[in-house]
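Colleague: Provided below for reference: sequence and predicted model.
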Amino acid sequence: MHKTYDVTALGEALVEFNQTRPGDRRFLQGFGGDTSNAVIAAARAGAQVAYLSRVGDDAFGQALLDLWHEEKVDVEGVERDAAHPTGIYFVTHGEQGHAFSYLRAGSAASHMTPQWLDGPVAQTIAQSRVLHVSGISLAISATACDTVFAAMQLAREAGTLVSFDSNLRLKLWPLARARACITQAVSMCDVFLPSLEDVAALVGLHEPDAVIDWAHALGASSVVLKLGSDGALISQRVGDEYRRERIPGHAVELVDATGAGDCFCGNLLARLARGQPLADAARYANAAAALSVQGFGAVAPLPRADAVIARLRDTNDRS
């Protein structure tokens with residue numbers, strides 16, 4: 001089948017209120033939702049993208065639709081729900097970093113069901129080079145979890161690469177259920193994008209190489225372990241072998257890391273969808289994520305391709 005889209009993501013988008021500085025009562029309104037952040041990051045990297053979700057028939061839902069239109073994200077697979085609201089969340093900052101508070105229970109996205117995939121949504125998945133989902137997409141409700149697994153299966157049947165970001169949020173579901181569902185998702189994905197913190201909390205593994213071994217044993221053919229400022233450890237099955245490489249990070253001034261992991265995922269997938277090798281895509285994604293932490297919010301600081309290329313060129317010149 002002809003592939004119209006480079007990257008399509010499925011999940012929940014939210015409206016964000018981000019504290020401007022620790023202790024301040026002022027909040028900056030923006031947008032979030034891990035899969036939405038990732039697909040916007042991919043669009044800014046130059047990919048053709050689509051988003052699959054449900055939003056409320058309210059002002060916040062319209063604001064998200066306006067955002068995706070501005071960012072050139074196809075929204076044919078976004079449904080408006082008059083009975084349930086668009087989710088929102090707050091980000092506060094302190095000595096221990098940033099903390100999230102959600103008002104998303106019963107949101108429009110949490111009411112997605114596998115039946116919703118029929119028709120245009122399934123067609124979009126089949127017409128995509130990559131489908132990206134996350135642990136948050138699994139966690140927001142039982143029916144959303146079923147929907148994500150059904151979408152992953154549709155993608156596999158259509159020859160669409162499946163990408164999965166663990167993005168563990170234990171405020172959303174019990175550890176035992178998270179462990180069972182995320183383990184199942186890893187077994188169904190082609191590219192697994194965990195963080196070290198997620199896997200440590202999930203199954204007690206703290207060493208990067210042990211995390212890679214665990215993911216490959218479950219069935220993921222490519223693993224990109226996000227290590228924050230330390231970069232990433234990548235591993236890919238080539239024939240009967242697994243090849244690993246450490247991708248160094250970038251030293252930058254941290255302002256807000258709210259969407260850094262999503263930025264990394266979107267940029268990595270945009271490059272993979274265009275045929276770039278995994279190591280090169282990870283280097284590009286590292287540079288993009290480093291730029292994203294220098295501004296407030298999940299979406300506003302996501303860099304454009306020219307800024308990432310300039311960052312990579314500057315890094316190469318200094319090395």
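Modeller: In hand now; what should we look at?

Colleague: residues of stretch 170-184 that come out buried?
Modeller: Along stretch 170-184, these residues count as buried under the neighbour rule (16 or more other C-beta atoms under 10 Å): 172-173, 178, 181-182. Placement of C-beta: from N, CA and C, glycine included.

Colleague: okay, who's weakest in the residues you listed by pLDDT?
Modeller: When the buried residues of stretch 170-184 are compared by pLDDT, residue 172 scores lowest at 91.

Colleague: Show me what residue 225 is bridged to.
Modeller: residue 233 (DSSP bridges).

Colleague: can you give me the helices for this structure?
Modeller: Along the chain, counting by DSSP state H, helices occupy 34-44, 59-70, 120-126, 135-139, 142-157, 175-188, 196-203, 208-218, 260-273, 278-292, 305-318.

Colleague: picking up where we left off before, any chance of TSV for the buried residues of stretch 170-184, columns distance to residue 299?
Modeller: Below are those laid out as TSV (distance: C-beta to C-beta, whole Å):
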residue	distance to residue 299
172	21
173	25
178	26
181	27
182	25
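
Colleague: Most widely separated two among the residues you listed?
Modeller: Spatial extent of the buried residues of stretch 170-184 (C-beta to C-beta) is set by the pair 172 and 182 at 11.9 Å.

Colleague: which residues touch residue 175?
Modeller: 201-202 (C-beta atoms under 8 Å, 6 or more residues apart in numbering).

Colleague: do the one 3 residues further on as well
Modeller: Listed by C-beta under 8 Å, 6+ apart, the contact partners of residue 178 are 135, 139, 168, 170, 202.

Colleague: right, and the helices of the chain - which one's nearest residue 101?
Modeller: Using C-beta to C-beta, the nearest of the helices of the chain to residue 101 is helix 135-139, at 14.8 Å.

Colleague: Please identify the buried residues of the closest one?
Modeller: 135-139.

Colleague: And the pLDDT at residue 247?
Modeller: The model's pLDDT for residue 247 equals 91.

Colleague: What's the local residue count around it?
Modeller: 21 (other C-beta atoms under 10 Å).

Colleague: and if you look at the one 4 residues further on?
Modeller: The number of residues packed near residue 251 is 8, by other C-beta under 10 Å.

Colleague: cool, and the one 10 residues further on?
Modeller: The tally of other residues near residue 261 (other C-beta under 10 Å) stands at 24.
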